[in-house]
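**Q** sequence isn't available, so here's the structure alone:
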């Protein structure tokens, strides 16, 4: 059995890595003239031709939780997961048997801004795999037994969301930062919403989700454009939908909600905590005591999105900050194993500063002084150049795997202002001057919301 | 000996996928070239010009398996000290600065039978990186001040592990399963041993295990074979050969479990986790059983299997999977399943009934087995696709240290040879009527109240 480097949750096998990566900014695919975007019967398609045996497909459905409500949150994930249980032409057993022997992977992932159905296969099996992939999406059976099975699995996952302190503090910080915002919803749903979604809801939602105006197909593989056009035409019969300009309207909705966000009261914070009845709360702060030997702290703050000119300075600034926190908190003072900072890739974006420690006040004081020092003194040109060097390596690493390339192209198209911008990423990083890094830190690294869970309470906040 | 065939990775994958069509071909995949230096250092090279990066990886046969109780956790401690001062770099701060200059993506990891370190860099920094690797692997200083400071980091990592409820369950079970030599399976180690670690112990580990004849240097990426092998020879040839560590310090065999054991762990979790473990085969003495173990897991984890239909599709468990962790020295066989407090007893009984059928020749079909074999063959292409992200820094060191490269390159062919009878024999030898450890992780606030006697 193959072993990977991540700590495995259930297998009883422990592999320890020297450090844990925090959120990494999204690195685009390498510049390649052949990548192109076109429409096939009204469906937007991005195609990147690459030589090799494997093919990656990502089918994006724009909207994510911004198109969901408190009552039906998780419905995209529910529908696509249930669709993967078979169609009339490819009932479950036949589907599973075929994809197994072809070594094809199919699945669905839910995000805040969009939902994806994905497929990976080797080229020689692509045609057969693609036919199945399209058919189960267009004609899902949604049989009661299978829907109930998917429901129970999603509920099980929802119940476990706060089992580990790592995932607990992530969920808590998200709830606080985005309270009152569409992102406060969970793309995989919560127990109550998952219980209440009916088969009829799923059938109706299938009609809303599978509309060309919400869809973006990305294919990375060894094909010609004509072949890709033929594959994409399988969705020709889908309705256009009513979502022309959807992307802009969603962004407007998010931004409008963001502007309405106000500091939360203690009671509002308490309402977010569910079973954590003993939590200590305050403005932009919550601490949930757990009987564990350490405390997990996650500071979150609003940050520029991938389509914002400040995004590139944010990447560099948070990379340098992460290294500096590692040096000051871990290397020099041995206060933590895990410490760092990073940047997410949501449309309405956020950054993080995080540490796991058994001396939270001391560690947070060091982190605050590091941040303040960087804000007042800035960083050197040499340090910016080093950060760019590291990014270039990461940039190429992201070029491994057709499925990840397909995902990144779609992400840049939907959240980054266009897939072409991914090709300008490194050039834009190289243009960043130390002044831009300092400006970013002073503009964005304030009003940090602090969430913490663990064995030691905090009197210091980020 | 240096391999004689030098072709690009794309061609190699093609050969791997279609090798079966070559009549009379050697039944091994040609994935990499190897050369063993006179000092015993194995150099493994994979050529790939898709992106302008090179990964430099050092794999070491070390880890928990080499740890007597007084060294419990110190292979992992050593791994941390690798990234600190050495004869050329005076401190960890300078070490990190140099990594930034190299534009490196880097990390290190420790498991039961492998320790590995890697630096992935732009190709123009290859020579500097190889030198950097040499200084780190051969000449660490184990500076006393750095070592003392690192204790805090290691203990913080220990605390993170302890804070994870699933880790708490597996730790409690492992203590029972490997009762005689638990330290040989305990990667994170013992808190006291970590807190009282000394420079002398680090030097002992270095002298025993960090010798070229116990290591493999992996070079992968955008470079020619000649350049890679020549650079490796020029930089690492004067690394002095040491004793064969596992001849002088043999790994004791884990004695069989005498009777089944049960553990219950209470944490504030949302579901009930039921886990079972058996002592499985060892690569060094039951190689053929390890292939059967893997295929057995692939087949049973397939949603079409009787195992999944009876346990998951029935609604008793929300998920249930079986695995075998390939190890040279007794790998564990594990079942992990999740259910609710209300369904627990019914689900547990159903699982036990299912296990009793494992050695029934009709339990899995020939078609299921053939589907799984086909999947194993095809999915090898995905593994090689992620050369720098996972294959070179993670998979290859693991296979080299635990099974040897021949095992890996002949894996697909050996899997193809596994029969239904091999699967039932595997189940009979290791699972059916064999003592096991059963563990349950549940919320103390749940309606389910368990005692150990309820589980066996």
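**A** Structure's in. What do you need? None of these values were measured; they are calculated from a predicted model.

**Q** alpha carbons only for contacts and neighbour counts from here, please
**A** Fine.

**Q** what is the mean pLDDT for stretch A:193-200?
**A** The average pLDDT for stretch A:193-200 rounds to 97.

**Q** any residue of that stretch up close to chain B?
**A** No: Stretch A:193-200 is not in contact with chain B by Cα under 8 Å from any Cα of the partner chain; minimum separation 14.5 Å.

**Q** and that stretch, what's buried?
**A** A:193, A:194, A:195, A:197, A:198, A:199 (16 or more other Cα atoms under 10 Å in any protein chain shown).

**Q** any idea how far apart the tips of that stretch sit?
**A** When the termini of stretch A:193-200 are compared using Cα to Cα, to the nearest Å, they are 14 Å apart.

**Q** ditto for stretch B:445-456
**A** Per Cα to Cα, stretch B:445-456 runs 23 Å from first to last residue.

**Q** got it, and stretch A:317-331?
**A** Termini of stretch A:317-331 sit 20 Å apart (Cα to Cα).

**Q** domain parsing for chain B?
**A** Taking automatic domain parsing as the reference, chain B has its domains at B:9-248, B:261-454.

**Q** between the buried residues of stretch A:193-200, which is nearest residue A:132?
**A** Nearest to residue A:132 among the buried residues of stretch A:193-200, counting by Cα to Cα, is residue A:199 at 22.0 Å.

**Q** surely that closest one is in contact with residue A:148?
**A** No: counting by Cα atoms under 8 Å, residue A:199 sits too far from residue A:148 to count as a contact (9.3 Å).

**Q** what's the least confident stretch among the domains of chain B?
**A** domain B:9-248 has the lowest average pLDDT among those, namely a mean of 91.

**Q** any idea whether residue 166 is helix, strand or coil?
**A** Looking at chain A here, since you left the chain open. Recorded secondary structure, residue A:166: helix (DSSP: H, G, I helix; E, B strand; the rest coil).

**Q** my question was about chain B
**A** Looking at residue B:166 with three-state DSSP, the answer is helix.

**Q** what count of nearby residues applies to it?
**A** 24 (other Cα atoms under 10 Å in any protein chain shown).

**Q** from residue B:327, how far out is it?
**A** 21 Å.

**Q** what's the answer for residue A:448, then?
**A** If you go by Cα to Cα, the gap between residue A:448 and residue B:327 works out to 46 Å.

**Q** same thing with residue B:427?
**A** 18 Å.

**Q** try residue A:326
**A** Distance from residue A:326 to residue B:327, by Cα to Cα: 34 Å.

**Q** again, but for residue B:293
**A** From residue B:293 to residue B:327 the distance is 12 Å (Cα to Cα).

**Q** and residue B:76, by the same measure?
**A** Remark: distance between residue B:76 and residue B:327 (Cα to Cα) = 18 Å.

**Q** between these two, which one's more packed in?
**A** Legend: neighbour count by other Cα under 10 Å for residue B:76 and residue B:327, higher for residue B:76 (27 against 22).

**Q** next structured bit after the host helix or strand of that one?
**A** Element membership for residue B:76 (DSSP states H and E) is helix B:74-82. Where DSSP H and E defines the elements, the next helix or strand beyond helix B:74-82 is helix B:92-102.

**Q** show me what that following helix is in contact with.
**A** Contact partners of helix B:92-102, identified using Cα atoms under 8 Å, 6 or more residues apart in numbering or on different chains, comprise A:327, A:331, A:386-387, A:389-390, B:83-85, B:89, B:121-122, B:125, B:128-129.

**Q** okay, buried residues for that helix please.
**A** Quick answer for helix B:92-102 (16+ other Cα under 10 Å): B:92, B:93, B:95, B:96, B:98, B:99, B:100, B:101, B:102.

**Q** so what's residue B:277 up against?
**A** B:173, B:177, B:332, B:333, B:334, B:335, B:436, B:437, B:438.

**Q** how many other residues sit next to the nearest residue to residue A:136 once chain neighbours are set aside?
**A** Nearest non-adjacent residue to residue A:136, counting by Cα to Cα, 6 or more residues apart in numbering or on different chains: residue A:87, 4.9 Å away. By the criterion of other Cα under 10 Å, residue A:87 has 23 neighbours.

**Q** list the beta-bridge partners for residue A:87.
**A** residue A:140 (DSSP bridges).

**Q** I figured it was touching residue A:141, is that so?
**A** Yes: in this structure, residue A:87 is within contact of residue A:141 by Cα under 8 Å, at 4.7 Å.

**Q** picking up where we left off before, in a markdown table, list the buried residues of stretch A:193-200 along with secondary structure.
**A** A markdown table is the format used below for the buried residues of stretch A:193-200 (three-state DSSP):
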| residue | secondary structure |
| --- | --- |
| A:193 | helix |
| A:194 | helix |
| A:195 | helix |
| A:197 | coil |
| A:198 | coil |
| A:199 | helix |
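
**Q** quick check: residue B:264 vs residue A:204, distance?
**A** When residue B:264 is compared with residue A:204 (using Cα to Cα), they lie 45 Å apart.

**Q** meant to ask about residue A:426, not that
**A** 43 Å.

**Q** likewise for residue A:350?
**A** 33 Å.

**Q** and the stretch 301-450 of chain A, which residues reach chain B?
**A** Residues of the stretch 301-450 of chain A lying near chain B (Cα under 8 Å from any Cα): A:327, A:330-338, A:356-358, A:386-387, A:389-394, A:396-397, A:399-401.

**Q** swap in 7 Å and give it another go.
**A** For the stretch 301-450 of chain A, the contact set with chain B under Cα under 7 Å from any Cα of the partner chain comprises A:327, A:330, A:333-337, A:357, A:386, A:389-390, A:393, A:396-397, A:400-401.

**Q** now that we have those residues, which one has the most neighbours?
**A** residue A:357 (33 neighbours).

**Q** could I get the contacting residues of it?
**A** A:294, A:295, A:296, A:335, A:336, B:156 (Cα atoms under 7 Å, 6 or more residues apart in numbering or on different chains).

**Q** where does the closest residue to residue A:330 other than its chain neighbours fall, phi/psi-wise?
**A** Computed as Cα to Cα, 6+ apart, the closest residue to residue A:330 that is not its neighbour in sequence is residue A:336, at 5.3 Å. Backbone geometry at residue A:336, expressed as degrees, to the nearest 10, gives phi -160, psi 160.

**Q** separation between residue A:336 and residue A:374?
**A** Distance from residue A:336 to residue A:374, by Cα to Cα: 21 Å.

**Q** do the same with residue A:419
**A** 33 Å.

**Q** ranges for the strands of the chain?
**A** You didn't pick a chain, so chain A it is. A:16-17, A:36-40, A:43-49, A:54-62, A:105-110, A:114-122, A:215-221, A:280-282, A:285-289, A:295-302, A:336-343, A:350-357, A:449-454 (DSSP state E).

**Q** hm, I was asking about chain B
**A** Going by DSSP E, chain B shows strands at B:33-36, B:42-47, B:53-60, B:105-110, B:115-122, B:215-221, B:261-266, B:272-279, B:319-324, B:332-339, B:437-442.

**Q** what lies in contact with the third one?
**A** With contact meaning Cα under 7 Å, 6+ apart, strand B:53-60 is reached by B:114-123, B:126, B:130, B:214-222, B:388, B:393, B:397, B:401.

**Q** and with 6 Å instead?
**A** Contact with strand B:53-60 is made by B:114-123, B:215-222, B:397, as judged by Cα atoms under 6 Å, 6 or more residues apart in numbering or on different chains.

**Q** strand partners (parallel or antiparallel) of that strand?
**A** Sheet pairing for strand B:53-60, using DSSP bridges, gives strand B:115-122 (antiparallel), strand B:215-221 (antiparallel).

**Q** and residue 51, how many residues sit next to it?
**A** No chain was given, so I picked chain A. 13.

**Q** wait, chain B was what I had in mind.
**A** 18.

**Q** that one and residue B:182, how far apart?
**A** 43 Å.

**Q** so what's residue A:462 scoring on pLDDT?
**A** Residue A:462 is assigned 88 on the pLDDT scale.
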